[in-house]
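J.: fold the following and give me the result.
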Amino acid sequence: MANQSNVEQIYDCIDTSCMTLYEELKMPYLQGITETCNNILSQTITKGLSKAAKTKLIEAMKIFDATDYPKEEIRKAMQLAILKGLKHIKRSNADITPDTIGLLMTFILEKLGNKNKEMILFDPLAGTGNLLLTVANNMSQTVIPIGVDNNIDSYNLAVAMFDIMDYGEGIYYQDTFTFKNFQADAIVTDFPNAEVVNKQYFPFEVIKFHYDQLREGGYFLALIANDFFEKTQIADFKQIITSLYQSVGLITLPSTMFKTGDKSILILQKLGKNVKKITKFLVTEIPSFQDPKAVNDAIVRMNRWFTDNI
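T.: Sure thing, here's the model as predicted:
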């Protein structure tokens, strides 16, 4: 469980730095986040600042000398800073997957099980890396996160997230359909809202393409729009998917969570000769998180399904 006081301390450090860089150098807030992470890791101060500004940043950065913060506390603080940066440029925060989704996907992956000491976890549409690192930070086993994104601004923020949390060089700037030749134990992703273009539906294409990047028996967890199965050519998609994956479950999420349309979590498993056939598909609905008892009842039903079927 993240210590909220620590999260606030880390955020204050990042925010102080970003605002100082903006006031002194007119550096955009989001760029300031990456610059701040670089400064913290290299223990240097951005050139061009006044003596007073340098002193201010040195004082703010001292918290990282005094405390070895858990990765999840750093991620939460980084997310707060990114959300503020998006607000600065009047950009929607819809691209940032809510923490609740990451924690729910973590719960699902833990229940589905992975006996390896390490899990290679891949997000083919990583964005700023928030979903990927929420899951990585909260799994009970060691996780090696790998992500790819083709938006340079999101990529730079993801690099900063990976660096400040010491996850290494697992984030890549390229088109997801060019990223291949490795195998992950599990895939998690948040599909953007999309329409059929030239008889192709982007989420379908991602699921098909990254089949080869998933080991036999590996799980693909995706946040999908609720009209996912209503797209044209759905019959062809179903035929292709059932030849590659077995459908494990569909978890409908509270409509109050999303501003751009209702969503669900789709769970698929890559087929293989050693993969146990699931005879009962998991279908459940998570009620509003404002009703703790109803949410707990839904979790109990899910736990029962995992016990009986996995």
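
J.: hang on, Leu223 in a helix?
T.: No. Leu223 is assigned strand when assessed by DSSP: H, G, I helix; E, B strand; the rest coil, not a helix.

J.: farthest from the middle of the chain: give me that residue.
T.: Farthest-out residue of the chain from its mean C-alpha position, per C-alpha atoms, centre = their mean: Lys51, at 38.5 Å.

J.: so where do the helices sit in the stretch 151-300 of the chain?
T.: 152-164, 202-209, 234-244, 292-309 (DSSP state H, counting those that start in this stretch).

J.: any idea which of those is most buried?
T.: The highest mean neighbour count among the helices of the stretch 151-300 of the chain, using mean count of other C-beta atoms under 10 Å, belongs to helix 152-164: a mean of 22. For glycine as for every other residue, the C-beta is placed from the backbone atoms N, C-alpha and C.

J.: got the contact list for Gly217?
T.: By C-beta atoms under 8 Å, 6 or more residues apart in numbering, the contact list for Gly217 reads 269-270, 272, 274-275.

J.: mind redoing it with 10 Å?
T.: The contact partners of Gly217, by C-beta atoms under 10 Å, 6 or more residues apart in numbering, come to 112, 114, 185, 246, 269-276.

J.: now flag whichever of these is closest to Pro292.
T.: Using C-beta to C-beta, Leu112 comes nearest to Pro292 of these, at 24.7 Å.

J.: the closest one reaches Ile267, doesn't it?
T.: Yes. Between Leu112 and Ile267 a contact is recorded at 7.8 Å, counting by C-beta atoms under 10 Å.

J.: tell me the mean pLDDT for stretch 12-30?
T.: Stretch 12-30 shows a mean pLDDT of 96.

J.: list the buried residues of it.
T.: For stretch 12-30, a neighbour-count test (16 or more other C-beta atoms under 10 Å) marks 13-18, 20-21, 24-25, 27-30 as buried.

J.: one more: stretch 178-197?
T.: Neighbour-count burial for stretch 178-197, counted by 16+ other C-beta under 10 Å, picks out 179, 184-191, 194.

J.: equivalent analysis for stretch 257-272, please.
T.: 258, 263-271.

J.: in JSON lines, list those residues along with distance to Pro70.
T.: JSON lines is the format used below for the buried residues of stretch 257-272 (distance: C-beta to C-beta, whole Å):
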{"residue": "Phe258", "distance to Pro70": "29"}
{"residue": "Lys263", "distance to Pro70": "29"}
{"residue": "Ser264", "distance to Pro70": "31"}
{"residue": "Ile265", "distance to Pro70": "26"}
{"residue": "Leu266", "distance to Pro70": "30"}
{"residue": "Ile267", "distance to Pro70": "28"}
{"residue": "Leu268", "distance to Pro70": "31"}
{"residue": "Gln269", "distance to Pro70": "31"}
{"residue": "Lys270", "distance to Pro70": "32"}
{"residue": "Leu271", "distance to Pro70": "37"}
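
J.: quick check, pLDDT for the closest residue to Asn3 other than its chain neighbours.
T.: Nearest residue to Asn3 in three dimensions, chain neighbours excluded: Glu73, at 6.2 Å (C-beta to C-beta, 6 or more residues apart in numbering). The per-residue pLDDT reported for Glu73 equals 97.

J.: got phi/psi on Glu73?
T.: Backbone torsions for Glu73, taken as degrees, to the nearest 10, come to phi -70, psi -40.
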